[in-house]
Structures are given as structure tokens and as C-alpha cells.
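Q: just a sequence and a predicted model for now, questions to come.
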Amino acid sequence: MSAADGVREHYNLWLGRRQPPGTEDPDFTRLADAVRRLQDQFTASRPPPALAAHSADTIEDLVAALAGYQVGEPDQVAGRQFAAVGRGQTFVPPVEIDTFDGDSVTARVSFGRFYLGSNGAVHGGAISLLFDDLLGQVANAPGKPRSRTASLSVDYRRVIPLETELTVTAHTSRVEGRKVFVSGALRSDRHLLAEAEGLFVRLLADQQ
Ligand SMILES: CCCCC/C=C\C/C=C\C/C=C\C/C=C\CCCC(=O)SCCNC(=O)CCNC(=O)[C@H](O)C(C)(C)COP(=O)(O)OP(=O)(O)OC[C@H]1O[C@@H](n2cnc3c(N)ncnc32)[C@H](O)[C@@H]1OP(=O)(O)O
């Protein structure tokens, strides 16, 4: 299946996971998207002192308002809006899934200014973050035992441009006992930009 057949929404789920009934939170998802835009604008802006102070006041008011609604991990909604690109979180860049067959994924990603390293290049840690998250989702696809990243190696082949639509792919290359090896690649329309190899170790019962 592909994005073109009208089931794209399905693939925006966290690689095959359906949103548990009653946990959709479109207003929270909108908030997460606004925070992400804020991160990009903040990083790129050089406001006059009065605007910086006013912005700090506004954000401090928001922090105080949200302080009354803190919940533990089981009740967290951030990152669990599976039907939304970006999943209602602000850490990993929003990835748009195009195809997923249970083991291989193709997707698109664009890094905003928040992810700038220096000299126009995306921060290398952001590339590792992207791969850890996407390769981790492949290793933890529905029906597979839970696993955690034991090792992640990234080869940076070319400077990775900001604000450019890139293709990211991942697939399981082999499974040896508890060890799941997942490979990934990030490409522009012309070049291979980065490659990754992740080792995900399936958890024992007392590690879940
Ligand atoms: C955060 C989510 C976690 C899981 C959630 C699961 C499902 C939830 C639903 C959906 C999730 C969907 C997607 C998830 C998205 C992203 C995932 C991100 C994942 C992470 O970001 S998670 C945080 C970072 N991660 C850690 O926090 C791990 C800390 N760590 C440990 O928890 C232990 O270290 C562990 C359990 C990994 C292994 O420990 P252990 O004691 O059970 O096993 P042991 O050490 O015996 O290793 C067994 C065999 O792996 C080989 N081996 C081990 N480590 C190796 C290495 N580094 N290099 C080469 N080989 C290695 C050994 O050599 C042996 O190989 P052999 O059997 O051949 O001898």
C-alpha cells in the first residue's frame, strides 16, 4: 500500500499502532505543533530586548498554567497521538510515513531550524535521534517482542540540509536470537546523506 491509495492516515500511526479509543487529543496535538513552530522561530529569531522579555513572560505564564496538569507516564498524551504526523511530541522531527509493510518503512522528513548544528548543516545528534526513533519503531512493530536500543552507529556521508524534504527508510536486516539488526538510510533526491545500523535487544520478562 502507498500514501496514494488514500490510507495515509493509517501509516501516520506509530508504525502500525492504532490510537487507543478515547485518547485522541486534537487540541493537544495542535499545541505540540505550535511548540515545534516556536522552537524553530525561537532558534532563528533575534528579537529586540523588549520582545524577548515579553516572550519570556508569556512562556513563563504558560509553564505555570500547565504545572497544574502534570501526569505520570501512563497518562501522558505527548508522543501518543499516533494518528498525527509528529505524534503530538516536540523532540523528534515530524516524520511522514509513506509505506510500511510490517518490517520496512519509507518516510519523509524535513529538519526545521531548531535542528541546526552549524554552518547550515543539521546537527548530527538530530540525525541519530531520527534513526533511533524510526529504527526503534521497526524493531518494536506490532506483534514483535519489545526491544531497546543496545547500539546505534551512524555514518554521515554528506552535509544534511535544513528545511529540505528528505527520504528516510528502515528495514530489519537480520534477527539473531534476542538481537534485531535494523538498517536505515537518509537520502535527498540526489544523494545518500547518512546510513545507520541499529542493534535492538529484545527484553527479558523482568526488563519490560
Ligand atoms: C523507549 C521504548 C522502549 C521499548 C518500548 C517498546 C514498545 C512500546 C511500543 C512501541 C514502541 C515503538 C517504537 C519505539 C521507538 C523508539 C525506540 C527507542 C529505543 C530506545 O531508545 S531505548 C533507550 C536507550 N537504550 C537503553 O536504555 C538500553 C539500555 N541497555 C539495556 O537495557 C541492556 O543493555 C539491554 C537490554 C539492551 C541488553 O542487556 P541484557 O542484559 O538483557 O542482554 P545482554 O547484555 O546479555 O545482551 C544480549 C545480546 O546483545 C549483545 N549486546 C548487548 N549490547 C550490545 C552492544 N552495545 N553492542 C553489541 N552487542 C551488544 C550481547 O553481546 C548479547 O549477544 P549474544 O547473545 O550474542 O552474546
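A: All right, it came through fine.
Q: residue of the protein nearest the ligand, please.
A: As assessed by C-beta to the nearest ligand atom, the ligand sits closest to Gly136 within the chain, at 2.4 Å. Yep, even glycine has a C-beta here, placed from its N, CA and C like the rest.
Q: which strand or helix spans that residue?
A: Take DSSP states H and E as the rule and Gly136 turns out to sit in helix 124-139.
Q: what does that helix contact?
A: 14-15, 91-93, 95, 103-105, 107, 109, 111, 115, 117, 147, 149, 152, 154, 156, 160, 168, 170-172, 180, 182-184, 186, 194, 196, 198, 200 (C-beta atoms under 8 Å, 6 or more residues apart in numbering).
Q: so which of the residues you listed also contact the ligand?
A: Of the residues in the contacts of helix 124-139, proximity to the ligand by C-beta under 6 Å from any ligand atom holds for 14, 149.
Q: which ones among the contacts of helix 124-139 map onto strands?
A: Among the contacts of helix 124-139, the residues falling in strands (DSSP state E) are 95, 104-105, 107, 109, 117, 147, 149, 152, 154, 156, 168, 170-172, 180, 182-184, 186, 194, 196, 198, 200.
Q: need the buried ones from those selected in ChimeraX.
A: Listed next is the ChimeraX selection for buried residues among those, using 16 or more other C-beta atoms under 10 Å:
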select :95,105,107,109,117,147,149,152,154,156,168,170,172,180,182,183,184,186,194,196,198,200
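Q: please pull out the lowest mean pLDDT helix or strand from this protein.
A: Least confident helix or strand of the chain, by mean pLDDT, DSSP states H and E, is helix 8-11 with a mean of 51.
Q: residue ranges in this protein under the pLDDT threshold?
A: 1-13 (pLDDT under 70).
Q: make it 80
A: Where the chain drops to pLDDT under 80, the residues are 1-18, 20, 208.
Q: what residues does it have near the ligand?
A: Near the ligand, when you scan the chain using C-beta under 6 Å from any ligand atom, you find 14, 132-133, 136-137, 140, 146, 148-151, 177-179, 199, 201, 203-204, 207.
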